[in-house]
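Colleague: Give me coordinates for this.
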Amino acid sequence: MFFKPGYGLPQLAEVVQELSCGKFSREINRSGDKMMSLKLISGMMKSSGDEALLAMDAGGANQMVVIDRAALLEVAEPRRCDENRLQENIELFSRIASAKYDRGDVEPDGRIRISADDLLSWRQGAHVKSKPASIC
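Modeller: Okay, the predicted model is just below:
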């Protein structure tokens, strides 16, 4: 861990508290706001077309995120599970993954899994607007 210029004692106390809680990947910006703990490296659809993968940086370690077909279909209308749908919503999926990582919601194999239920829970938490309506 390194300290950025401009850190005072209140910020130092937050950093020490985070280190003692095992939250090594979080950074504190100068205003004291917490930043997203995971940072997107890359995202792609699996060749099967059933899932998407996000490679994310967790403070120097790679964190894999699996987005299931149902989540890709649920994220917007018209329902599609393809590379375009993933790329259109990659920021949303990154935020959901980061929130799950922060809560310790990680699979036994070390990956984070995003399902349609995670997407619906995120929306109910008023983090994003509801799904766009179909245009006929």
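Colleague: Verify the stated contact: residue 51 with residue 70.
Modeller: No - counting by Cβ atoms under 8 Å, residue 51 sits too far from residue 70 to count as a contact (10.1 Å). Backbone N, C-alpha and C define where each C-beta goes, glycine included.
Colleague: Give the next helix or strand downstream of the helix or strand bottoming out on mean pLDDT in the chain.
Modeller: None of the helices or strands of the chain scores lower by mean pLDDT, DSSP states H and E than helix 9-20, at a mean of 43. Later in the chain than helix 9-20, the nearest helix or strand by DSSP states H and E is strand 39-45.
Colleague: Extract the C-alpha set from that next one and format it as PDB.
Modeller: Provided in PDB are the C-alpha atoms of strand 39-45 (Å, rounded to 0.1, in the frame of the first residue of the first chain):
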ATOM      1  CA  LYS A  39     -11.600  -2.100 -12.500                       C
ATOM      2  CA  LEU A  40     -12.600  -3.600 -15.900                       C
ATOM      3  CA  ILE A  41      -9.800  -5.000 -18.000                       C
ATOM      4  CA  SER A  42     -11.800  -6.700 -20.700                       C
ATOM      5  CA  GLY A  43     -15.100  -8.300 -21.500                       C
ATOM      6  CA  MET A  44     -16.100 -11.000 -24.000                       C
ATOM      7  CA  MET A  45     -18.800 -13.500 -24.800                       C
END
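Colleague: Residue 98 versus the residue nearest to residue 94 when sequence neighbours are not counted, what's the distance?
Modeller: Setting aside the residues directly before and after it, residue 94 is nearest to residue 40 in space (Cβ to Cβ, 6 or more residues apart in numbering), at 4.8 Å. Residue 40 is 9 Å from residue 98, where distance means Cβ to Cβ, to the nearest Å.
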